[in-house]
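**Q** build me a model:
(one chain, ligands or ions: 3)
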Amino acid sequence: MEKLKVNIPGREYEIYIDNGILNNTADYIRKIYSGEKIAVVTDSNVAPLYSEIVVSSLAQSGFETKLITVPAGEKSKSADCLMNLYNEMLDFKLTRTDLIIALGGGVIGDLTGYAAATLLRGIPYVQIPTTLLAQVDSSVGGKVAIDLPRGKNLVGAFKQPEMVIIDTDCLKTLTSRVLADGMAEVIKYGAIKDKKLFEMLESIKSTKELFANIDKIIYNCCDIKRQVVESDEFDTGGRMILNFGHTFGHAIEKKYNYETYTHGEGVAVGMVMSCEYGEKLGITHNGVTDRMISILKNYNLPVDVQISKDELAEAVAVDKKGEGSKINLILIEDIGKVMIKKLEKSDFLK
Ligand SMILES: NC(=O)c1ccc[n+]([C@@H]2O[C@H](COP(=O)([O-])OP(=O)(O)OC[C@H]3O[C@@H](n4cnc5c(N)ncnc54)[C@H](O)[C@@H]3O)[C@@H](O)[C@H]2O)c1
Ligand SMILES: O=C(O)C(=O)C[C@@H](O)[C@H](O)[C@H](O)COP(=O)(O)O
Ligand SMILES: [Zn+2]
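**A** Ligands and ions are numbered 1, 2, ... in the order given. Below is the predicted model:
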């Protein structure tokens with residue numbers, strides 16, 4: 001069992017990492033919740049795999065639960081799905097002193113977290129992430145959101161969870177594509193903040209070897225995210241580094257209607273594009289782009305996608321790192337050495 005504490009004054013919480021801990025979900029929940037009602041939100045793929053373990057643990061411990069299942073996939077991070085979720089929670093007569101659990105990948109975490117941030121002006125929630133991406137990134141830090149047709153995560157909030165429960169056994173049922181998505185964010189952490197992690201990822205030669213190191217990798221990433229979020233919870237400065245590859249990545253996801261490319265795949269190509277752009281500006285050292293391309297290919301992630309300058313400019317216009325006419329672009333000078341470059345939006349990509 002590994003444990004981390006996110007120290008945000010007034011909103012502290014623990015992250016527990018272990019295999020098999022879903023069986024004891026109720027014991028963890030009891031540490032932070034003394035009420036009775038819990039709405040458990042999950043998706044149509046995760047429900048048949050893990051809802052029974054979670055709900056029966058909660059029921060055996062005397063909690064009154066309602067399982068709410070939404071369709072799997074990014075399209076569920078939508079206003080329509082959010083409204084349905086609100087209605088299901090209100091039908092369950094949830095109040096502000098009750099609890100919500102997000103059981104699933106980043107889609108469920110973001111959607112449920114946003115419902116928790118807004119329904120009745122805020123209900124406490126717990127993250128139980130079941131994908132690698134959610135375990136290393138989205139379940140920690142409190143960014144919650146839905147997408148709009150005009151762009152990714154355009155309606156959202158900062159709402160820290162009460163606890164994050166990471167069961168690494170859940171990773172055994174992921175498809176190789178979803179596992180690779182998580183690796184894109186893991187590679188991001190190495191690229192921005194942890195050269196040793198990046199080098200370790202470069203040396204891994206098989207999925208078996210990856211799984212042998214997965215607990216350590218998850219711990220490392222959560223620890224980096226914890227530190228970054230503690231220093232800038234509301235994304236006004238230092239937290240922006242977690243967006244490395246995302247300006248381009250979000251543009252790719254949107255261009256292809258959130259269907260062709262997943263978030264991790266968009267971020268993978270976005271990191272290559274950021275390295276190329278950084279090299280062009282003379283910021284990213286020569287050779288870094290090649291190294292990025294090579295590691296991404298090793299984890300079966302895409303490194304190139306067709307997208308026009310106009311489509312990128314559209315994404316820049318709604319990017320949350322914008323400040324009036326300027327945009328904060330995240331670049332790396334070298335592996336593990338990140339920087340924030342402020343540019344005029346009109347000069348970007350010229
Ligand atoms: N809030 C944040 O800080 C943050 C960080 C990174 C990404 N995100 C968001 O996260 C989303 C991507 O998350 P994701 O990659 O987890 O996608 P996802 O939630 O869509 O999950 C990917 C697929 O895996 C399935 N799945 C989940 N757990 C499983 C398991 N254990 N076994 C088998 N199948 C399983 C899901 O049903 C889905 O089909 C994007 O919307 C992205 O914007 C948010
Ligand atoms: O937690 C953060 O901060 C991040 O930027 C993590 C990203 O991996 C994540 O995809 C996030 O949701 C992107 O945020 P956005 O502010 O660009 O919508
Ligand atoms: Zn991301």
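**Q** which residues touch the residue nearest to residue 138 when sequence neighbours are not counted?
**A** Spatial nearest neighbour of residue 138, chain neighbours left out: residue 106 (3.8 Å); criterion: Cβ to Cβ, 6 or more residues apart in numbering. To be clear about C-beta, it is placed using only N, CA and C from the backbone, and glycine gets the same treatment. The contact partners of residue 106, taken as Cβ atoms under 8 Å, 6 or more residues apart in numbering, are 129, 131, 133-134, 137-139, 263.
**Q** phi, psi of the closest residue to residue 158 other than its chain neighbours?
**A** Excluding the flanking residues, the one nearest residue 158 by Cβ to Cβ, 6+ apart is residue 142, at 4.9 Å. Here is the backbone geometry of residue 142 (degrees, to the nearest 10): phi 80, psi 10.
**Q** try the one 5 residues further on
**A** Main-chain torsions, residue 147, degrees, to the nearest 10: phi -90, psi 160.
**Q** contacting residues around the residue nearest to residue 158?
**A** Contacts of residue 142 (Cβ under 8 Å, 6+ apart): 11, 113, 158-161, 229, 233.
**Q** try it again at 7 Å.
**A** Residue 142 sits next to 158-161 when contact means Cβ atoms under 7 Å, 6 or more residues apart in numbering.
**Q** can you add distance to residue 187 and neighbour count and give those residues back as TSV?
**A** TSV is the format used below for the contacts of residue 142 (distance: Cβ to Cβ, whole Å; neighbours: other Cβ atoms under 10 Å):
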residue	distance to residue 187	neighbour count
158	25	18
159	27	19
160	26	23
161	25	28
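**Q** quick one: low-confidence parts of the stretch 251-350 of the chain?
**A** For the stretch 251-350 of the chain, no stretch is flagged by pLDDT under 70.
**Q** which residues of the stretch 151-300 of the chain lie near ligand 2?
**A** 152-153, 185, 235, 239, 242-243, 246 (Cβ under 6 Å from any ligand atom).
**Q** try 8 Å this time
**A** 152-154, 156, 185, 188, 225, 228-229, 235, 239-240, 242-243, 246-247, 249-250, 263, 267 (Cβ under 8 Å from any ligand atom).
**Q** no further queries at this time; thank you.
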